[in-house]
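[1] build me a model from this:
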Amino acid sequence: MGKDVIVACDFPSKEATLEFLDRFTGRKPFVKIGMELFYAEGPQIVREIKAHGHKIFLDLKLHDIPNTVKSAMKVLSGLDADICNVHAAGTTEMMKAALEGLTRPDGTRPLLIAVTQLTSTDQAAMEKDLLISEPMEKVVMHYALTAKNAGLDGVVCSPLESEAVHKTCGKDFLTVTPGIRFADGETGDQKRVMTPAKAKEIGSDYIVVGRPITRSEDPVAAYERCVREFIG
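    The predicted model follows:
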(Lines give C-alpha, C1' and ligand atoms only; values in the text may rest on other atoms or scores of the structure.)
Protein backbone atom coordinates (compact mmCIF):
# COMPACT_ATOMS: atom_id res chain seq x y z
CA MET A 1 0.00 0.00 0.00
CA GLY A 2 1.22 3.49 -0.85
CA LYS A 3 0.63 6.88 0.71
CA ASP A 4 -2.97 7.54 1.62
CA VAL A 5 -5.32 9.67 3.68
CA ILE A 6 -7.17 7.64 6.33
CA VAL A 7 -10.47 9.15 7.46
CA ALA A 8 -11.17 8.63 11.16
CA CYS A 9 -14.83 7.60 11.33
CA ASP A 10 -15.31 8.36 15.01
CA PHE A 11 -19.09 8.11 14.95
CA PRO A 12 -21.43 6.61 17.56
CA SER A 13 -23.43 4.37 15.22
CA LYS A 14 -23.49 2.43 11.97
CA GLU A 15 -26.19 4.72 10.59
CA ALA A 16 -24.13 7.87 11.14
CA THR A 17 -21.05 6.24 9.65
CA LEU A 18 -22.70 4.92 6.51
CA GLU A 19 -24.55 8.20 6.00
CA PHE A 20 -21.19 9.96 6.12
CA LEU A 21 -19.48 7.51 3.74
CA ASP A 22 -22.39 7.65 1.29
CA ARG A 23 -21.48 11.28 0.61
CA PHE A 24 -18.30 10.15 -1.14
CA THR A 25 -19.88 9.32 -4.48
CA GLY A 26 -17.43 7.45 -6.68
CA ARG A 27 -14.74 7.43 -3.97
CA LYS A 28 -13.85 4.80 -1.37
CA PRO A 29 -11.74 6.53 1.29
CA PHE A 30 -9.46 4.49 3.53
CA VAL A 31 -11.36 4.38 6.83
CA LYS A 32 -10.28 4.20 10.46
CA ILE A 33 -12.64 2.36 12.79
CA GLY A 34 -11.82 3.21 16.38
CA MET A 35 -13.11 2.28 19.80
CA GLU A 36 -16.27 4.38 19.74
CA LEU A 37 -17.73 2.82 16.60
CA PHE A 38 -16.40 -0.69 17.24
CA TYR A 39 -17.78 -0.80 20.78
CA ALA A 40 -21.12 0.58 19.59
CA GLU A 41 -21.62 -1.79 16.67
CA GLY A 42 -19.25 -4.72 17.18
CA PRO A 43 -17.24 -6.67 14.59
CA GLN A 44 -20.04 -6.59 12.02
CA ILE A 45 -19.38 -2.91 11.30
CA VAL A 46 -15.92 -3.85 10.05
CA ARG A 47 -17.36 -6.50 7.74
CA GLU A 48 -20.03 -4.13 6.44
CA ILE A 49 -17.70 -1.23 5.67
CA LYS A 50 -15.23 -3.65 4.09
CA ALA A 51 -18.04 -5.03 1.92
CA HIS A 52 -18.67 -1.47 0.72
CA GLY A 53 -15.15 -1.46 -0.75
CA HIS A 54 -13.20 0.53 1.82
CA LYS A 55 -9.77 -0.31 3.21
CA ILE A 56 -9.87 -0.34 7.01
CA PHE A 57 -7.47 0.61 9.77
CA LEU A 58 -8.91 -1.10 12.86
CA ASP A 59 -7.64 1.19 15.60
CA LEU A 60 -8.27 -0.67 18.88
CA LYS A 61 -4.80 -0.19 20.43
CA LEU A 62 -4.60 -3.55 22.19
CA HIS A 63 -2.55 -3.49 25.39
CA ASP A 64 -2.78 -6.47 27.73
CA ILE A 65 -0.88 -9.57 28.73
CA PRO A 66 0.61 -11.38 25.72
CA ASN A 67 -1.73 -14.37 25.77
CA THR A 68 -4.84 -12.17 25.87
CA VAL A 69 -3.60 -9.99 23.02
CA LYS A 70 -2.69 -13.04 20.96
CA SER A 71 -6.18 -14.51 21.42
CA ALA A 72 -7.85 -11.19 20.57
CA MET A 73 -5.76 -10.83 17.43
CA LYS A 74 -6.81 -14.30 16.26
CA VAL A 75 -10.39 -13.02 16.34
CA LEU A 76 -9.56 -9.72 14.62
CA SER A 77 -7.62 -11.47 11.86
CA GLY A 78 -10.91 -12.87 10.58
CA LEU A 79 -12.39 -9.42 10.00
CA ASP A 80 -10.17 -8.70 6.96
CA ALA A 81 -9.01 -5.28 8.15
CA ASP A 82 -5.98 -3.88 6.35
CA ILE A 83 -4.18 -2.50 9.42
CA CYS A 84 -4.45 -3.38 13.13
CA ASN A 85 -2.54 -1.94 16.08
CA VAL A 86 -1.29 -2.41 19.62
CA HIS A 87 0.45 -0.20 22.18
CA ALA A 88 4.23 -0.48 21.99
CA ALA A 89 4.30 0.00 25.77
CA GLY A 90 2.88 -3.51 26.06
CA THR A 91 6.45 -4.86 25.60
CA THR A 92 8.25 -6.87 22.94
CA GLU A 93 6.73 -10.13 24.16
CA MET A 94 3.22 -8.74 23.78
CA MET A 95 3.89 -7.40 20.28
CA LYS A 96 5.33 -10.73 19.15
CA ALA A 97 2.27 -12.49 20.56
CA ALA A 98 0.01 -10.04 18.70
CA LEU A 99 1.80 -10.76 15.45
CA GLU A 100 1.49 -14.50 16.00
CA GLY A 101 -2.21 -14.25 16.74
CA LEU A 102 -2.89 -11.99 13.76
CA THR A 103 -1.19 -14.31 11.26
CA ARG A 104 -3.66 -16.67 9.60
CA PRO A 105 -2.97 -20.37 8.92
CA ASP A 106 -2.12 -19.54 5.29
CA GLY A 107 0.52 -17.02 6.43
CA THR A 108 -1.42 -13.90 5.44
CA ARG A 109 -2.26 -11.10 7.87
CA PRO A 110 -3.13 -7.43 8.07
CA LEU A 111 -0.36 -4.94 8.65
CA LEU A 112 0.42 -4.59 12.36
CA ILE A 113 1.63 -1.30 13.79
CA ALA A 114 2.31 -0.05 17.31
CA VAL A 115 1.26 3.18 19.01
CA THR A 116 4.26 5.06 20.39
CA GLN A 117 2.96 8.10 22.28
CA LEU A 118 -0.50 9.53 21.70
CA THR A 119 -0.58 12.86 19.89
CA SER A 120 -2.60 14.28 22.81
CA THR A 121 0.43 13.66 25.07
CA ASP A 122 3.15 16.29 25.35
CA GLN A 123 6.46 16.27 27.21
CA ALA A 124 4.98 17.71 30.40
CA ALA A 125 2.19 15.13 30.57
CA MET A 126 4.59 12.29 29.82
CA GLU A 127 6.85 13.34 32.67
CA LYS A 128 4.07 14.10 35.17
CA ASP A 129 1.64 11.26 34.47
CA LEU A 130 3.85 8.50 33.05
CA LEU A 131 7.06 9.25 34.97
CA ILE A 132 9.02 9.17 31.71
CA SER A 133 11.68 11.86 31.87
CA GLU A 134 13.45 11.20 28.56
CA PRO A 135 12.81 13.59 25.65
CA MET A 136 9.72 12.75 23.59
CA GLU A 137 11.63 11.98 20.40
CA LYS A 138 13.98 9.59 22.22
CA VAL A 139 11.01 7.75 23.74
CA VAL A 140 9.25 7.46 20.39
CA MET A 141 12.40 6.20 18.67
CA HIS A 142 12.88 3.57 21.39
CA TYR A 143 9.29 2.36 20.99
CA ALA A 144 9.69 2.32 17.21
CA LEU A 145 12.84 0.22 17.37
CA THR A 146 11.19 -2.13 19.85
CA ALA A 147 8.25 -2.56 17.47
CA LYS A 148 10.55 -3.18 14.52
CA ASN A 149 12.57 -5.75 16.45
CA ALA A 150 9.31 -7.50 17.38
CA GLY A 151 8.55 -7.89 13.66
CA LEU A 152 5.88 -5.21 13.29
CA ASP A 153 5.36 -3.21 10.09
CA GLY A 154 5.41 0.29 11.52
CA VAL A 155 4.19 2.67 14.19
CA VAL A 156 1.60 5.27 14.95
CA CYS A 157 3.45 8.46 15.84
CA SER A 158 3.12 12.20 15.64
CA PRO A 159 4.04 13.57 12.21
CA LEU A 160 6.72 15.51 14.08
CA GLU A 161 8.56 12.22 14.63
CA SER A 162 7.90 10.54 11.28
CA GLU A 163 11.13 11.60 9.62
CA ALA A 164 13.23 10.49 12.60
CA VAL A 165 11.44 7.11 12.70
CA HIS A 166 12.36 6.49 9.07
CA LYS A 167 15.97 7.46 9.74
CA THR A 168 16.06 5.13 12.74
CA CYS A 169 14.08 2.16 11.42
CA GLY A 170 14.32 2.46 7.64
CA LYS A 171 12.14 3.98 4.94
CA ASP A 172 10.07 0.79 4.59
CA PHE A 173 9.02 0.92 8.25
CA LEU A 174 5.61 2.58 8.09
CA THR A 175 4.66 5.78 9.88
CA VAL A 176 0.94 6.33 10.38
CA THR A 177 0.43 9.83 11.69
CA PRO A 178 -2.64 11.34 13.34
CA GLY A 179 -2.55 14.89 14.66
CA ILE A 180 -3.17 16.35 11.20
CA ARG A 181 -4.75 19.79 11.00
CA PHE A 182 -5.15 22.31 8.19
CA ALA A 183 -3.07 25.46 8.53
CA ASP A 184 -6.24 27.49 9.00
CA GLY A 185 -7.92 24.97 11.35
CA GLU A 186 -8.18 24.44 15.10
CA THR A 187 -5.95 21.94 16.92
CA GLY A 188 -8.58 20.82 19.47
CA ASP A 189 -7.14 18.42 22.07
CA GLN A 190 -4.13 17.52 19.92
CA LYS A 191 -0.75 18.79 21.10
CA ARG A 192 1.70 17.58 18.44
CA VAL A 193 0.18 18.50 15.09
CA MET A 194 1.14 19.17 11.46
CA THR A 195 -0.50 20.11 8.16
CA PRO A 196 -1.04 17.50 5.41
CA ALA A 197 1.49 19.26 3.16
CA LYS A 198 4.17 19.27 5.85
CA ALA A 199 3.44 15.61 6.69
CA LYS A 200 4.08 14.80 3.04
CA GLU A 201 7.32 16.76 3.08
CA ILE A 202 8.74 14.92 6.10
CA GLY A 203 7.72 11.49 4.78
CA SER A 204 4.63 10.24 6.61
CA ASP A 205 3.28 7.14 4.87
CA TYR A 206 -0.32 7.58 6.00
CA ILE A 207 -2.08 10.49 7.68
CA VAL A 208 -5.14 9.95 9.85
CA VAL A 209 -7.59 12.83 9.68
CA GLY A 210 -10.76 13.02 11.75
CA ARG A 211 -12.49 16.22 12.78
CA PRO A 212 -11.05 18.46 10.03
CA ILE A 213 -12.97 16.20 7.62
CA THR A 214 -15.85 14.71 9.60
CA ARG A 215 -16.92 18.00 11.20
CA SER A 216 -16.41 20.09 8.10
CA GLU A 217 -19.39 21.75 6.44
CA ASP A 218 -18.31 19.94 3.28
CA PRO A 219 -16.52 16.70 4.28
CA VAL A 220 -15.91 15.61 0.70
CA ALA A 221 -14.19 18.91 -0.15
CA ALA A 222 -12.13 18.69 3.05
CA TYR A 223 -11.09 15.13 2.20
CA GLU A 224 -10.13 16.13 -1.34
CA ARG A 225 -8.10 19.02 0.08
CA CYS A 226 -6.22 16.54 2.29
CA VAL A 227 -5.54 14.29 -0.68
CA ARG A 228 -4.27 17.20 -2.78
CA GLU A 229 -1.99 18.49 -0.03
CA PHE A 230 -0.67 15.08 1.07
CA ILE A 231 -0.56 13.05 -2.13
CA GLY A 232 -0.72 15.70 -4.85
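
[2] how about the helices in the chain?
    In the chain, the segments counted as helices under DSSP state H are 14-21, 35-41, 44-51, 66-76, 92-102, 123-130, 136-149, 159-169, 196-202, 211-214, 219-230.

[3] return the list of helices and strands in contact with the longest one.
    To tie it back to what came earlier, the one meant is helix 136-149. helix 92-102, strand 111-115, helix 123-130, strand 154-156, helix 159-169 (3 or more C-beta pairs under 8 Å, 6 or more residues apart in numbering; DSSP states H and E). Any C-beta I mention is one placed from the backbone N, CA and C, and that applies to glycine too.

[4] next: the third one.
    Contacts of helix 44-51 with other secondary structure elements, assessed using 3+ C-beta pairs under 8 Å, 6+ apart, are made with helix 14-21, strand 30-33, helix 35-41, strand 56-62.

[5] what pairs with the last one, and is each one parallel or antiparallel?
    When you say that, I think you mean strand 56-62. Paired strands of strand 56-62, with direction, are strand 30-33 (parallel), strand 83-87 (parallel) (DSSP bridges).

[6] so, low pLDDT: which residues of the protein?
    The chain contains residues with pLDDT under 70 at 1, 185-192.

[7] if you set the cut-off to 90 instead, what comes out?
    Counting by pLDDT under 90, the chain shows low-confidence ranges at 1-2, 26, 118-121, 158-160, 179, 181-194, 232.

[8] mean neighbour count, the helices and strands packed on helix 136-149: which tops it?
    strand 154-156 (a mean of 27; mean count of other C-beta atoms under 10 Å).

[9] columns distance to Pro29 on top of the helices of the chain, output as a markdown table?
    As requested, those are arranged in a markdown table below (distance: least, C-beta to C-beta, whole Å):
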| stretch | distance to Pro29 |
| --- | --- |
| helix 14-21 | 7 |
| helix 35-41 | 15 |
| helix 44-51 | 10 |
| helix 66-76 | 21 |
| helix 92-102 | 24 |
| helix 123-130 | 31 |
| helix 136-149 | 26 |
| helix 159-169 | 19 |
| helix 196-202 | 14 |
| helix 211-214 | 9 |
| helix 219-230 | 6 |
